[in-house]
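> Quick one, fold the following:
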Amino acid sequence: MPIPSRLFEYVIAAYLIILAPGPSVLFIVARAISWGKKIAVATAAGNVSGSFVLATLTALGIGPILQRSELAYNAVQWGGGLYLMYLGFDAIRKRSEHAEDMTDTSGGAPTIFRTWREGFIVGVLNPKAIVFYAAVCPQFIDRDRGHVTWQLWFLGLVFCIIALLSDGMWGLLAGQAREWLSSDRGRLEKLRAGGGGVMIFLGILIIVQAVTGT
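Reported below is the predicted structural model:
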């Protein structure tokens, strides 16, 4: 089965969007602030498990379509780029609301299984991941080499591995700095706004690539 030729570029793009604090990262950071490192890492594991299911379903669903249709491929690029920009602007607009949610410790500490399950749900419903799998991954496949579904699945797997390492690190760092983060909500707002800015930037890059055909 073919390995996409632009894998290195893909890894960089994947890392940038994973690093940007979106719904999954914020959920992990919130758990770290509230309950510590152990709960944060369990959340990250559940999150990535859900994301992998999403990657597989996306590859099976859109892979054959993208293989056959140039129009569908272009539509996915435009739609994904615009939606990624929307998510970025929305993150900046709601940064105060998200910061308040991240410091909510009501309800008591969850169990490890409950933590994994809730992380799984957040991962499988994460709009940022959906956009990435459906809009960003297709830009790095080699349509002329065939096996598009396999290529999309492989790129999704790479994304999940990077996400597990990155999100787990987010959880450990946030758990270590939980008092510093929770003592000033402005820091959390800046974290969320910065993530929104990265998503807007990536959305613009996707649209530019669609226009130029590069």
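> Could I get the full set of helices for this protein?
In the chain, the helices defined using DSSP state H lie at 7-19, 23-35, 37-68, 70-93, 95-102, 112-124, 127-131, 148-176, 178-182, 185-212.
> Including mean pLDDT, could those go into a markdown table?
Below are the helices of the chain laid out as a markdown table (pLDDT from 0 to 100):
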| stretch | mean pLDDT |
| --- | --- |
| helix 7-19 | 85 |
| helix 23-35 | 70 |
| helix 37-68 | 82 |
| helix 70-93 | 74 |
| helix 95-102 | 61 |
| helix 112-124 | 81 |
| helix 127-131 | 72 |
| helix 148-176 | 86 |
| helix 178-182 | 60 |
| helix 185-212 | 72 |
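> For residue 140, find the nearest of those helices.
helix 7-19 (4.2 Å; CB to CB). Bear in mind the C-beta positions are built from the backbone N, C-alpha and C, glycine included.
> neighbours of the residue nearest to residue 166 when sequence neighbours are not counted, just the number please.
In space, residue 166 comes closest to residue 18 once its chain neighbours are excluded; the distance is 4.8 Å by CB to CB, 6 or more residues apart in numbering. Residue 18 is flanked by 24 other residues according to other CB atoms under 10 Å.
> Give me the residue at the spatial middle of this protein.
residue 129 (4.2 Å; CA atoms, centre = their mean).
> Next, find the distance separating that residue from residue 47.
Residue 129 sits at a distance of 9 Å from residue 47 (criterion: CB to CB, to the nearest Å).
> give me every residue that touches residue 168.
The neighbours of residue 168, taking CB atoms under 8 Å, 6 or more residues apart in numbering as the test, are 41, 44-45.
> Using TSV, lay out the residues you listed together with distance to residue 2 and neighbour count.
What follows is those, written out as TSV (distance: CB to CB, whole Å; neighbours: other CB atoms under 10 Å):
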residue	distance to residue 2	neighbour count
41	34	24
44	31	30
45	30	20
